[in-house]
Each structure stands twice: as structure tokens, then as C-alpha cells.
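**Student:** any chance you can model this:
(chains A, B, C and D)
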Protein chains: 2
Amino acid sequence: MENINIKQLAKALNLSTSTVSRAFRDNSDINKETKERILAKAKEFNYQPNHYASNLREQRSKTIAVIVPELANNFFSQAIHGIEKIARDKGYHILIYSTDDVYEKEVSFIRHLHNGRADGIIMSVTGEANDHTYLNELTQKRLPLVFFDRVYEDIITPRVITNDYDSSFSATQHLIKQGCKHIAYLVINKNLSIGKFRMQGYIDALLKYNIPYDDRYVVDCTNSYAKNNVILKQMLQELKPDGVFTSVERLAFATYYACYDLNIAVPEQLKVIGFSSLEIAPLLNPSLTTITQPATKIGTEAANLLFKMLENPESVDPKEKIVLNSKLVKRRSTENK
Amino acid sequence: MENINIKQLAKALNLSTSTVSRAFRDNSDINKETKERILAKAKEFNYQPNHYASNLREQRSKTIAVIVPELANNFFSQAIHGIEKIARDKGYHILIYSTDDVYEKEVSFIRHLHNGRADGIIMSVTGEANDHTYLNELTQKRLPLVFFDRVYEDIITPRVITNDYDSSFSATQHLIKQGCKHIAYLVINKNLSIGKFRMQGYIDALLKYNIPYDDRYVVDCTNSYAKNNVILKQMLQELKPDGVFTSVERLAFATYYACYDLNIAVPEQLKVIGFSSLEIAPLLNPSLTTITQPATKIGTEAANLLFKMLENPESVDPKEKIVLNSKLVKRRSTENK
DNA sequence: TCATTTATATTTACCGGTAAATTAATGGTT
DNA sequence: AACCATTAATTTACCGGTAAATATAAATGA
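**Tutor:** So this is what the prediction gives:
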């Protein structure tokens, strides 16, 4: 049996297509019995309104696009899970795009989403060294956009972020209170907004405790395991820090691997703390002290914001900024004997 | 500037819509200069063909749906990453659906995908205790479907799986060779196909080494951390196994937590091995011996299979079964002093 | 009784693109 | 000059639904 359309169904029921159409939409006036008869027949024939025809006519897709830098990442997969929960409740579908931290892909995805495929976008951006004014096209065309976690500061659109500055300050402070004097700060992209805020928290905490800031201790890493291993081992040997603060989860792992290789004892010789959404941080060797972002909550909040924009664009201030708090969870990696 | 359509663009160029349309599709005959003129103007106006109109006309969506039991899971997020890579190359978009292991959601997703939203489906199923003959509707309507990892045995459609039986056998054998005599096997859903195969490998390995099979050692777990903790602690205290083999990653973590709580030393008192796609298995305390599935590869293979079906349905045998090999990686959790 | 409201169904004109069928223009051949 | 082939464009009829405008019949009220 090939796919059936509304015309065939209408003919089988001896009704007009528009009456059949009404049976599937709540608002219009239609006899209750007729409606039931139609729905029964539809079930029998396994009919469902063609999605593309409806969308074309109604000018909306009931679909949102989610753009993230990577998929195989605890933070983002939890955030997506949060987004999904909300979207599903609203009867929306979700398109997924992963940029692999490549700016060009981000631009291309965004551009291609302007053809009606999605009604709105939820995005965590790649970097900000590049020109991203192309995003302003979005607002001109009114395709609603919500940023989460990694945002572009100069694009005006609602966002959901965490208290990165405070968390970073606390994390650094924690290391200092545990006795660290030479704290390295590991980043992947210094230019990224969260990179900047997190770094400022680190710097200010050092200042407060009269520890001189030395930019050799700010280490630029990459997305490659192999390269990071080289970079980190060199850094650990040259600078001999007694504390490491990683701005992203992956770099905490990289630090562990480097310490294993160099036989550096954590936390005795080196204390480690990092931003991380890893659920099994307690199972690491040693268990990892983390700043944990409320990943799922970030996702649900971002989705809620987007749907508010979709339902009533006026109701959301384009400068809306929801700030959620991360949690510092102390574990063995920063313990003092 | 509101969204522009082909008519307005055509008018601006003093051409017919169909000529403009041609400029965006390679095949048809159109003057090269005209084409360039159109494309230039399109760029200027930031025009792109409306996706829903094209799809309605062409009767295909250039979209595939991916249905998984959960998103925040290393295996699935890696697999999705693999799928994405292939799909992106082919110019396809990806819809994501997570069932949270709820059968009803699976049915509902599948049903709703029959309205043209997707051209094909890649799925890892929830369970098989339930009636899933509804899936046969799919083949009748020729919406191509590829299973990966968790499959329904009795639905005839191409699939990508791993050598679960062999891996399980090896895993159990490994525990035995490391001196284990009482090996518990932890499952979440015994009825699931992979559950069955994996379990058979476990049973047969026991047999081969003359270890009596005792079904009290097959422990049914859940998806809840809290419940698993109770179940496992009770089991560990009552049965005092010296080896644990977990059929899914999460249960290895649960075992670790239970051992921490009960002060059971791994691997001295209890050896642990598990199916897992965790990239940081070496960082656990103790580092975890794993059977690692080629998650990304599974994703790419599944996607390739689906696209082969989309491009030429005849070219794929509905009984096609791609079997990839998992890898046993020995680490501290099964070491002998 | 006839007008008017109410309930329910049908007609019709789109939504934005696309491709088959058709037309128009150009150039070459006999 | 008449004919045909080739190229390049336009006309036209959809794809499958949807809602405004319209029609029809039954119910209500003056």
C-alpha cells in the first residue's frame, strides 16, 4: 500500500478534503461524529497529513535546529537531552548539527536553515575570532535564535549561560586555599566568551591572594588528544605548577594522562580542578574536583526561551540573559593530606 | 527584509520562475550566463529555495531520522557522530529522537515519521518484550530502515551489529583465566537481542571451563542509579562473586559505586569487565577493562547502508547484516597481582 | 409562515517550487 | 526559401494540505 493522501481518504469517506483536514485540527467546526468517522478511517488506512504540505501552507515547520560544537561530549549531550524534553512536549522535532568546532560549518548550517526548515535555532557557538555578523541576518529575518553556554557577546539575542566568572574565581580560590602557589590555567580558545570570563575569574582570584599573574601559566590547548599531551607534558616539566585549572572537561582528562605519563602524583604534587559534566567524576583516579554546570537545566531553559519567542516574539527581551549557577564539587584531586 | 520567494526573484530578474528554479538544479538546460546572473541576484537577496515546497514537489526530504534509547550515553553519541559525518557529506539533515527506553515513544516516533518528514530511519531499539510488528508497516510503505546495535531479530531489515556473542565469550573467558570462579552477569533487559547474545556468550564460556551456570548470578538491573545501587549491594553481599561482567557501560559504573560503598577492592576481591565506549576508561579507579564497540564506525556503516538503500533500494539485501568486531582492552580492573 | 441564526460541509485559491510540455529564437542544410 | 535541429526560455499543471469564503440544511424566533 502506497502512501495515501487526503484526497483519497476524502473520497473513501465521501467527504471533501477540507472536512477531512479539519478532523485533524482542533479549532474548526466539524460534527463530532464526522470527525470520529474520519479519524477511524484514517487509522485504518494509516493516514497522516503530509508534513511538508502542511508546513508549506502554514509557513512553519514545528522543528527547531540545535547547533553544537560537538556531540560526543557530556555537557552537550545532556543539554540536548534537556532541549529534547521540552521540544517533545510541544510537539516539535529536533534537527541536530555538530560543527566540530569549525567556524565555516557553523556559517553554512545557519545559512541553510533560512529556507524554512526550522522555526528557530538553539546554538552553542564555535569561536569568536571570526566574523559572525552574518548572524544579524537571522534577526532581520526574524528566525528566533537562543544561545547557550558558548555565546557571541556582540550579537543581541537571548541566551542561557552559567556564572562562569564566579565559578572560575571559586575554583581558583579553592586551589589557593588548598595550598597551590603556581596555578596553570588551561584553555582551548582564549577568544571565546566563556574562555574570557572564566579566565578573568582565574586572574582576579590570583590577584586577591597576591599571587602574581604570569601568562606563561595560561596554556593554549587544542582539540587533539595527541597534541595536548605534548603541550601539557612540556608545560608540566618546564613550569612545575602545583595546581591546574582546566576550562573544559577534556583538558582535565588530558592533564590526568600527562600526569600518568610523567609520574606526577595527583593531588600530592599537583592538584587538578576542572569544568566538567562528567557523571562519573567520583570514579576517576583520583576522583576529580569539578565545577559542574547544570547541563540539562541549561538545555530546558534555552528551549523554554525559544518557545516563548516562537509563541509570542514580543514577550522576550532580545537582551534576555538567564544565568544559572554551576556547582563546585570537591573531590580527591584537590585534597590536602 | 522578509523572506523572498522564487516569484519575486524571478520578477526582479525579468525571468520566469521555472528558469530561476533551474539555476539551482544542475541537470536542466539553461544558459550559463543566465544561470550566473540568477545566482548572483539570489545571493544578493539572500534567497534560497523553500525547503518544504521543494520537498513537497520532489517527494523527498533529504532528511533522515535517528532513533536511540538515550542521548547522554557515550556509545550512542559516538554513533550519532558517525552517522552525522556521512549524512552531512550527502547533504542530508538529521532528526534526533530519544526514546528514553520507553517503548511507546518508539512506536509514536516511528508512526509520526510516516508523513514524509524523513526519507529513512536509523534506529537502535528499546526492547523486544513488546509487540513491534508495527514496524512491518514501514517495509510495506518502503520507508527504509536500518537497525544498529540493538535490533529486533524478527524484523527483516538491514542491520549493523557487533560480534556480541564472541565478545561476551572472550570477556567471560578473560575473567576465568584471571582466576574468577563466581562470575556475575549484569543486564538491563534480558529480552533484548543483544542481551540474549551477550548472555549466551557468558553461559557458553562458563560451560567450556566447567563452571556451573547459576541463574542467581544473572542480575536484572534497571535504568535508575539508585535502584541499581541497592540491587548490586545486595547481590555483592549475598553471592560474593569474584568477577562481574556488565552487559552495558552504566552497570560497570554502578558496580564501582557499590564496591566503594561496601569497601570491596577491585580487582583484588572482585574483577570487573564491561561493555563500554568510555574514552577515559584508563582514568578510572581502577582503570576499567572494557569490551569496546567501534561506535563511530557502527554509525558510519549504518548510515552508508541507509544511503545505499535510498539511492538504489534493489542494491541492498533486506537481510543484510554487517558485523563489526569489538575489542577487548585489558586494564587494571581485571588484573591479577 | 418566513426570516434569521446556527451548525456543518464544500469550493476555491493559495503556500513555493519543479518538470513536462510548449513556444520562441537561432542557425545550418538542402 | 523551406525545413529541421538545437538551444533557451516560458506556460502550465501539479505536489498535499489548509482556511477563508461560500453553500446548504436544520433549527429557532418573531
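**Student:** now A:Asp261, nearest residue through space, not along the chain?
**Tutor:** Nearest residue to A:Asp261, sequence neighbours excluded (CB to CB, 6 or more residues apart in numbering or on different chains): A:Lys233, at 6.3 Å. To be clear about C-beta, it is placed using only N, CA and C from the backbone, and glycine gets the same treatment.
**Student:** surely the one you found touches A:Leu262?
**Tutor:** Yes: using CB atoms under 8 Å, A:Lys233 is in contact with A:Leu262, at 6.0 Å.
**Student:** who has more neighbours out of those two?
**Tutor:** Between A:Lys233 and A:Leu262, counted using other CB atoms under 10 Å in any protein chain shown, the more crowded position is A:Lys233 (17 against 13).
**Student:** and the residue nearest to A:Asp261, how far from DNA strand C?
**Tutor:** 54 Å (CB to the nearest atom of the strand, to the nearest Å).
**Student:** then A:Glu153?
**Tutor:** Distance from A:Glu153 to DNA strand C, by CB to the nearest atom of the strand: 33 Å.
**Student:** what do you get for A:Leu236?
**Tutor:** Counting by CB to the nearest atom of the strand, the gap from A:Leu236 to DNA strand C is 56 Å.
**Student:** what is the neighbour count of that residue?
**Tutor:** Using other CB under 10 Å, the number of residues around A:Leu236 comes to 21.
**Student:** and the one 4 residues further on, by the same measure?
**Tutor:** Neighbour count for A:Lys240, taken as other CB under 10 Å: 12.
**Student:** do you know how far the closest residue to it other than its chain neighbours is from A:Ser224?
**Tutor:** In this structure, A:Lys240 finds its nearest non-sequential neighbour in A:His182, 7.1 Å apart by CB to CB, 6+ apart. As for A:His182, its distance to A:Ser224 is 26 Å (criterion: CB to CB, to the nearest Å).
**Student:** quick one: which of these two has more around it?
**Tutor:** A:His182 (16 against 11).
**Student:** quick check, the more buried one in contact with A:Tyr217.
**Tutor:** Yes: A:His182 is within contact range of A:Tyr217, at 6.9 Å (criterion: CB under 8 Å).
**Student:** now the common contact residues for the two.
**Tutor:** Residues touching both A:His182 and A:Tyr217 (CB atoms under 8 Å, 6 or more residues apart in numbering or on different chains) are A:Leu239, A:Pro241.
**Student:** residue of the stretch 101-250 of chain A nearest DNA strand D, please.
**Tutor:** For the stretch 101-250 of chain A, the residue closest to DNA strand D is A:Gly116, as judged by CB to the nearest atom of the strand, at 12.6 Å.
**Student:** tell me how many other residues crowd that residue.
**Tutor:** 23.
**Student:** for A:Thr255, same thing?
**Tutor:** 30.
**Student:** same question for A:Phe109.
**Tutor:** Neighbours around A:Phe109, by other CB under 10 Å: 19.
**Student:** got the residues of chain A near DNA strand D?
**Tutor:** A:3, A:5-7, A:17-18, A:21-22, A:24-25, A:28, A:47-50, A:53-54, A:56-58 (CB under 7 Å from any atom of the strand).
**Student:** now the residues you listed: which count as buried?
**Tutor:** Using 16 or more other CB atoms under 10 Å in any protein chain shown as the burial test, the residues of chain A next to DNA strand D include A:Asn3, A:Ile6, A:Ser21, A:Arg22, A:Phe24, A:Tyr47, A:Gln48, A:Pro49, A:Asn50, A:Ala53, A:Ser54, A:Leu56 as buried.
**Student:** spatially, which two of those residues are the most separated?
**Tutor:** Spanning the widest gap among those are A:Asn3 and A:Arg22, at 20.9 Å by CB to CB.
**Student:** near chain B at all, stretch A:7-22?
**Tutor:** No: on the criterion CB under 8 Å from any CB of the partner chain, stretch A:7-22 is out of touch with chain B, staying 13.1 Å away.
**Student:** good, wrapping up.
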